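Trainee: what's the 3D shape of this:
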Amino acid sequence: METHCTTKIYKIISVFLFSFFLFFLTANSLLAINNRDDELAWKTIEPKIESFWRDYQTSPQRLKQTVWPLISMLKNFIKAYPNSKRIPEAYFILGEAYSAVSYWPEAEAHWRIVIRYYPNSQWTNQALSNLIHHYEATGNQRKLRKFYKEIIRQFPDTIAAKTIKVILAKNLLAKGRKDIAEKVVKRIETSTIRAEVDVPELLDIKARLSLLNNRPQEAISYWLRYLNLTRSIGARASTLFSIAETYRKEGDYLKARKYYALIRRDYISQPEYLFARFRMIQMDEEARKRLSQYTRGKVKSPDFVTSEMIFEKILKKFPRHPVTREVKKEYVDFELQKGDYLKCLELANHFLKSDPENPYSSSILNLAKLAQKRLLERKYSTDYLKAIVAKSTALLKNGLNKDIKKLLQAALNKKWIELQNQLLNEKRPLEAISEYWRYIVFFKPKEGTISLAKKALLAIDRSLLKKEKFEDLANFYLFNKERIDQLRVPDHYYYLARAYSELNFRNPSLRAFYKAWHMGPSKSLRCPLLINWTFEVFRAERVKISEDTLALLDIYCPDSSMTSKILFLKSKLALWQGDYKAAFNMAYDSVSIKPEAQNTYQALRCGILLGKWDMVRKIFKENSHFLKKDRQRDILRFWGDEAYSLDEIKEARYAYNFLENLEKESPSITFRTLLVKAKQKGASKTIKDWKDLSKNGAGIWKKAAKAEEEYYKFIKEAEGSL
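Mentor: Purely as a prediction, here's the structure:
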């Protein structure tokens, strides 16, 4: 029984093993068939892939139309053959295809799939290389480091992990840790005989180590081998650029230019395309400078427009790329060569602030110092100086690098003062003083700048006075009172007082004169100020102040105090004070120096009040022609009336005779003449004349003549009755 059971069990096991063998044979057959199918499918895609690689390097514009069919074909392939050995390559190319049209999240995702799920494939290091290039270009170092840690932790012995270790070693090498880099290289090389094939990045770090050991040709040979092992567009472009850079540093510009030209031709979609153009521009500029030494500077000017366009593109697209740091220095240098020194300072400030750890920072700062020096030395037109000031002040309002701020402040200070000087020289004082007022917002004014502002202010005053724009001068002061008062310019208040005087604003004029005197006018201004102030005081009839100003004139301007005009004013003051004798003497002295209408009239009036008839006759005879007809009439009337009131009939008749010649058939003159005649000849002799005047006269004089007629009749009758 037991034997029968054992036999039965053996039969069951035999059947199971046979069935499993048949299943295994069938599965392998199906897998082989599947592999044959996926290879056939892949061969149909390969022409599109090859076309993609060509367009990727040379025709990025055409690639934007042709890439989408390739993306669809690759996605369909992955879906149809998930177990194909071509899957890592398919995901890698999908990442490349998406990156070609700047679909970076999709590109990043597909490269990550290759690294994470196929860490030992031949495409792993290339996907990783592309991912690194992408993160470096975008400056996302934090995300990149996190990704490195994940791969090393999850897949420690894979190609992906080894590649990352090499990349990290390269980063340490860049920071000067050559010892660690050499240890990593040695450890990976001893781990497998296919180290350089499995981890091509080893060749790149070995090339960098060779450069550090001063073996440039060895470095180039490593990079050339690396080019044969990588399909990554980014890695190839970067390696070609490294080779070109090595040749350039070695002074082999011909070979360097060859590789830069190759990059410019075949890798238009890569950062190195712009960097290669930048280097070629740089080399052209160096050649131009060398050539200028032999041609006395007569060489073609550099293409600044193209250069700036390249610089701007690099800064915009690849702000964190290592080469961009050197581009920043070259951009500053180009602006220096172009002569746009303010732009040079602006760029230097931006680069030093945004990238303080830039190894070229000291060079950038030195270029900025040179730009400031040339800016200070160079002479500019007034309009260009205005532009410099406007741009500099705008920059200073923003936060600046402390070194650039000092340079810019010093340059702005000098150029702003230059601008004020030029505006004054060009007879544009209003603009000059406006610039000064803007200037003192930024800088503490020194004596030189204050002096410029004072000159501008006085030039404005003189110009407005000359053009008789008195109201404009007054308004200019009122609108800028606080700022003008800070300048403390006595001359300005003197001119302002004169403007107020012309406008008949007596009180403001007197205040301005006082302010000018109180500030301590210069010796040359002192006498004109006192003279004009004195005249204004007399116009305002301020007796007390007039005494003071005349006293100041006697002290500070003795010669001026004895002029005809001032003697006349002294005579006027004496007349106000009731000192007729002093008034006459000074008026007479004034006439003796220079006879004019006002002092002649004053002398005659004072002489009449004192009864100095001989002197009055002399003055009138010699100087009456200075008086207008109405003034002659006034003084003759006053002369005759005063003489008559003092019973100086002869003198009254003398004055009235002159008056009669001026105003023939005037009832008022006829009346006065008859009064004198009556005094001289008696009442009876003038009754007929009074009667004629009472009939032919007019107004009050007719009535007065009638009254006189009646009076003299009464007197005559009274005499007869006696």
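Trainee: so what's the residue count around the closest residue to Leu375 other than its chain neighbours?
Mentor: Once flanking residues are discounted, Leu375 sits nearest to Tyr341: 3.9 Å by C-beta to C-beta, 6 or more residues apart in numbering. The C-beta positions use only the backbone N, C-alpha and C, and glycine is treated the same way. Residues lying near Tyr341 (other C-beta atoms under 10 Å) number 22.
Trainee: just the element for Glu218, please.
Mentor: Taking DSSP states H and E as the criterion, Glu218 maps to helix 216-229.
Trainee: rewinding a little: ok, the residue nearest to Leu375 to Leu347 distance?
Mentor: 11 Å (C-beta to C-beta, to the nearest Å).
Trainee: how close does the residue nearest to Leu375 sit to Arg378?
Mentor: To Arg378, Tyr341 is 8 Å away according to C-beta to C-beta.
Trainee: average pLDDT for the strand or helix carrying Lys621, rounded please.
Mentor: Applying DSSP H and E as the criterion places Lys621 in helix 613-623. What helix 613-623 shows for mean pLDDT is 92.
Trainee: contact partners of stretch 555-574?
Mentor: 526-527, 530-531, 534-535, 538, 543, 546-547, 550, 553-554, 580, 582-587, 589-591, 593-594, 596, 598-599, 602-603, 606 (C-beta atoms under 8 Å, 6 or more residues apart in numbering).
Trainee: that should have said stretch 91-106, apologies.
Mentor: Residues outside stretch 91-106 that contact it (C-beta under 8 Å, 6+ apart): 49, 52, 56, 60, 63-64, 67, 70-71, 74-75, 78, 107-111, 113-114, 118, 123, 126-127, 130, 134, 138, 233, 269.
Trainee: picking up where we left off before, right, and the residue nearest to Leu375 touches Arg374 too?
Mentor: Yes. The pair Tyr341 and Arg374 passes the contact test of C-beta atoms under 8 Å, sitting 5.5 Å apart.
Trainee: sorry, back to before: pull the distance from the helix holding Glu218 to the chain's centre.
Mentor: Its chain's average C-alpha position is 52 Å from that of helix 216-229, according to C-alpha atoms, centre = their mean, to the nearest Å.
Trainee: how about that helix: buried residues?
Mentor: 216, 219-223, 226, 229 (16 or more other C-beta atoms under 10 Å).
Trainee: for stretch 348-355, give the mean pLDDT please.
Mentor: 90.
Trainee: can you list contacts of it?
Mentor: Contact partners of stretch 348-355, identified using C-beta under 8 Å, 6+ apart, comprise 325, 328-329, 331-332, 358, 361, 364-365, 367-368, 371, 395, 399-401, 403-405, 408.
Trainee: quick one: contacts for the closest residue to Glu435 other than its chain neighbours?
Mentor: Distances taken as C-beta to C-beta, 6+ apart put Gln420 closest to Glu435, at 5.1 Å, once the chain neighbours are dropped. Under the criterion of C-beta under 8 Å, 6+ apart, the contact list for Gln420 reads 432, 435-436, 439, 449, 452-453, 456.
Trainee: check what pLDDT Gln420 gets.
Mentor: 95.
Trainee: and what of Leu25?
Mentor: 39.
Trainee: same check on Thr124?
Mentor: pLDDT at Thr124 comes out at 81.
Trainee: also Leu693?
Mentor: Per-residue confidence at Leu693 stands at 61 (pLDDT).
Trainee: before we move on, what about Gly297?
Mentor: Looking at Gly297, the pLDDT reads 54.
Trainee: just Phe92 next, same as before
Mentor: pLDDT, read off for Phe92, is 89.
Trainee: host element of it?
Mentor: Element membership for Phe92 (DSSP H and E) is helix 87-100.
Trainee: centre of the chain versus that helix, how much separation?
Mentor: On C-alpha atoms, centre = their mean, the centre of helix 87-100 falls 51 Å from that of its chain.
Trainee: one step back: report the buried members of the contacts of stretch 91-106.
Mentor: Taking 16+ other C-beta under 10 Å as the criterion, what is buried in the contacts of stretch 91-106 is 49, 52, 56, 60, 63, 67, 70-71, 74, 78, 107-108, 110-111, 113-114, 118, 123, 126-127, 130, 134, 138, 233, 269.
Trainee: inside helices: which ones of those residues?
Mentor: 49, 52, 56, 60, 63, 67, 70-71, 74, 78, 107-108, 110-111, 113-114, 126-127, 130, 134, 138, 233 (DSSP state H).
Trainee: between whichever strand or helix holds Arg236 and helix 216-229, how many degrees?
Mentor: Assessed by DSSP H and E, Arg236 sits inside helix 233-249. Taking axes from the mean of the first three to the mean of the last three C-alpha atoms, to 10 degrees, one finds helix 233-249 and helix 216-229 inclined to each other by 160 degrees.
Trainee: tell me the pLDDT at Pro595?
Mentor: With respect to pLDDT, Pro595 scores 93.
Trainee: what number of residues are in the vicinity of the closest residue to it other than its chain neighbours?
Mentor: Spatial nearest neighbour of Pro595, excluding adjacent residues (C-beta to C-beta, 6+ apart): Asn623 at 4.5 Å. For Asn623, the count of nearby residues is 18 (other C-beta under 10 Å).
Trainee: do the one 3 residues further on as well
Mentor: By other C-beta under 10 Å, 16 other residues sit near Phe626.
Trainee: wait, doesn't it sit right on Lys594?
Mentor: No. Using C-beta under 8 Å, Phe626 is not in contact with Lys594, being 10.3 Å away.
Trainee: give the buried residues for the helix holding Phe92.
Mentor: Quick answer for helix 87-100 (16+ other C-beta under 10 Å): 87-100.
Trainee: and if you look at stretch 40-52?
Mentor: In stretch 40-52, residues buried by neighbour count (16+ other C-beta under 10 Å) are 41-42, 45, 49, 51-52.
Trainee: state the mean pLDDT of it.
Mentor: Rounded mean pLDDT across stretch 40-52 is 85.
Trainee: just the CA trace of it, in PDB.
Mentor: Provided in PDB are the C-alpha atoms of stretch 40-52 (Å, rounded to 0.1, in the frame of the first residue of the first chain):
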ATOM      1  CA  LEU A  40      11.300  45.500 -35.600                       C
ATOM      2  CA  ALA A  41       9.200  48.200 -34.100                       C
ATOM      3  CA  TRP A  42      12.300  50.100 -32.900                       C
ATOM      4  CA  LYS A  43      13.800  49.900 -36.300                       C
ATOM      5  CA  THR A  44      10.800  51.800 -37.700                       C
ATOM      6  CA  ILE A  45      11.400  54.600 -35.100                       C
ATOM      7  CA  GLU A  46      15.200  54.800 -35.600                       C
ATOM      8  CA  PRO A  47      15.100  57.000 -38.700                       C
ATOM      9  CA  LYS A  48      13.000  59.500 -36.800                       C
ATOM     10  CA  ILE A  49      15.400  59.400 -33.900                       C
ATOM     11  CA  GLU A  50      18.400  60.000 -36.100                       C
ATOM     12  CA  SER A  51      16.600  62.900 -37.800                       C
ATOM     13  CA  PHE A  52      15.800  64.200 -34.300                       C
END
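Trainee: so what touches that stretch?
Mentor: 63, 66-67, 69-70, 73-74, 77, 80-81, 84, 86, 93, 96-97, 100.
Trainee: Asp198 versus Lys165, what's the distance?
Mentor: According to C-beta to C-beta, Lys165 and Asp198 sit 12 Å apart.
Trainee: what do you get for Arg86?
Mentor: Separation of Arg86 from Asp198 (C-beta to C-beta): 19 Å.
Trainee: with Ala551 instead?
Mentor: The value you get for Ala551 to Asp198, if C-beta to C-beta is used, is 111 Å.
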